[in-house]
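1. The following block contains a protein sequence and its predicted model.
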Amino acid sequence: MPDTPVDLFTFSEEEEPRERRPRPPKKKRRALPAVLIAVAGVLVLALVAGFLYAASLNRSVSENLQRTDDSMPDPDDTERPEKQPSQEKGAVNFVLLGSDSRDPDNKSGTGRSDVLIVAHLNAARDKAYLISFTRDLWVEIPGKGKAKINAAYSWGGPKLTIKTVESLTGARMDHLALIDFDGFTELTTELGGVTVTNDQEFSSHGFHYPKGKITIMGEEALWFVRERKALKNGDLDRAKNHRKVIQAILEKGLSPETIANPQRFTTFVGGVASHLTVDNALTDDKIRDLAFSLRLPPSQIYSLQAPISGFGTSDDGQAIDLVDEEKMAELSKALRDDTLDEYVAKYPPKE
């Protein structure tokens, strides 16, 4: 017996059993660097494409969007509601104003806010709610007394309108977006039309709108949202049609087909931006961050009506919509607490 210990796992080249002799995978070793290079190349291309896409979106917004000074109430105004914890976590409230005047600083009384919608994006950025306020809603306008809510725009432009909405809901509004009627018409045309479900057959200004699913654009879309006298419930149905068309625009713009096509999505973003005027605080960076944080499928855009209890007549003979105080309190709390999903479950929209 040899004195030296035997290493049972070490063999000379002659002693190594055939079955255990490693065969270096020459082809794999040669292929591995090539695979790594290819993967790295794809990643680099993806990063470059992502950067170019983001830059293209930024440019599309900055080149088309208009901004305005002095359109939001003073942030230090102590009469305004405080920001809620939900807003600190990411919930955002936009006031959308549709007017027949592109100039958001028009306070002459010739411009009217024929569309007034609060768009609430939840903190998780996966649900959005469009809450419309009928133009004849009888409310307290700060510094002016009781009047129809659309009078706020005539008397004090977007700033007074926002203060009125905040006074009514107790919720802080973050941003303003103003779209004029001409811009609205152009936008629906650029999108190739939008499809809505029409609740009732009616005609307006030479256009006929049958009941059921219809695709509208241009002047046809304009009079679909402007008409109220031909509708059974007047201003309520008119506000509903506002929400339907805005929802249809968002659904088309946020559809998988549009988002999957960078050129189409960039065109959509630029088209929307070209017809909007927003407050100066809504910077390009904020818009970009907001866009990339969205987890919003079209099915999670909800259309709501600010609650009314019925109709009445003001002391000076105006036909008005009366606020349902109890439901308005519930809606306002849900808006502040970012729990509109619970409100919608309790009061499903009748669209």
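-> Yes, it's here. Numbers count the residues shown, from 1 in each chain.
2. could you point out where this structure is predicted with low confidence?
-> Within the chain, the stretches with pLDDT under 70 are 1-57, 99-113, 351.
3. The same query, at a cut-off of 80, please.
-> 1-62, 99-114, 180-184, 258-260, 288, 291-292, 350-351 (pLDDT under 80).
4. Helix, strand, or coil at residue 214?
-> Following DSSP: H, G, I helix; E, B strand; the rest coil, the label given to residue 214 is strand.
5. ok, it touching residue 195?
-> Yes - between residue 214 and residue 195 there is a contact under CB atoms under 8 Å: 7.1 Å. In short, each C-beta sits where N, CA and C put it, glycine included.
6. Looking at these two, which one has more neighbours?
-> residue 214 (16 against 13; other CB atoms under 10 Å).
7. so what's that one up against?
-> By CB atoms under 8 Å, 6 or more residues apart in numbering, the contact set of residue 214 is 195-198.
8. So how do I select the buried members of those in ChimeraX?
-> Selection of buried members from those for ChimeraX, criterion 16 or more other CB atoms under 10 Å:
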select :196,198
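9. Of the contacts of residue 214, which belong to strands?
-> Judged by DSSP state E, those include 195-198 as members of strands.
10. could you measure the nearest residue to residue 67 once chain neighbours are set aside against residue 137, distance?
-> Here the nearest residue to residue 67 in space, its sequence neighbours aside, is residue 280; by CB to CB, 6 or more residues apart in numbering that works out to 5.0 Å. In this view, residue 280 and residue 137 are 28 Å apart by CB to CB, to the nearest Å.
11. How about residue 77?
-> 23 Å.
12. Give me the more crowded residue out of the two.
-> Ranked by neighbour count (other CB under 10 Å), residue 77 and residue 137 place residue 137 first, with 24 against 10.
13. so the more buried one makes contact with residue 323?
-> Yes - applying CB under 8 Å, one finds residue 137 in contact with residue 323, separated by 6.4 Å.
14. what touches both of the two?
-> With CB under 8 Å, 6+ apart as the test, residue 137 and residue 323 both reach 306, 308.
15. all strands for the stretch 251-351 of the chain, in order.
-> Under the criterion DSSP state E, counting those that start in this stretch, the stretch 251-351 of the chain contains strands at 276-279, 301-305, 308-313, 319-323.
16. Let me know which of those strands is the nearest to residue 329.
-> Closest of those to residue 329 is strand 319-323, at 9.9 Å (criterion: CB to CB).
17. and the closest one with strand 308-313, angle?
-> Orientation check (axes from the mean of the first three to the mean of the last three CA atoms, to 10 degrees): strand 319-323 against strand 308-313 gives 150 degrees.
18. Identify the residues contacting strand 319-323?
-> Here strand 319-323 has contacts from 134, 136-139, 148, 168, 235-236, 306-314, using CB under 8 Å, 6+ apart.
19. Of those residues, keep whichever come out buried.
-> Burial by neighbour count, 16+ other CB under 10 Å: within the contacts of strand 319-323 this picks out 134, 136-139, 148, 168, 235-236, 306-308.
20. Go through these and flag which are in helices.
-> Among those, the members found in helices (DSSP state H) are 168, 235-236.
21. For these, give me JSON lines that also has distance to residue 128.
-> Below are those laid out as JSON lines (distance: CB to CB, whole Å):
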{"residue": "168", "distance to residue 128": "20"}
{"residue": "235", "distance to residue 128": "23"}
{"residue": "236", "distance to residue 128": "22"}
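22. ok, so of the residues you listed, who is nearest residue 58?
-> residue 168 (35.4 Å).
23. roughly how far apart are the closest one and residue 262?
-> 41 Å.
24. Just give the number of residues close to the closest residue to residue 136 other than its chain neighbours.
-> With CB to CB, 6+ apart as the criterion, residue 136 has its nearest non-adjacent residue at 4.6 Å, and that residue is residue 321. Neighbours of residue 321 under the rule other CB under 10 Å: 25.
25. if I look at residue 321, how far off is residue 276?
-> For residue 321, the distance to residue 276 (CB to CB) stands at 27 Å.
26. Same check on residue 290?
-> Taking CB to CB, one finds residue 290 at 14 Å from residue 276.
27. and the two? which has more neighbours close in?
-> The residue with more neighbours, out of residue 290 and residue 276, is residue 276; 21 against 15, by other CB under 10 Å.
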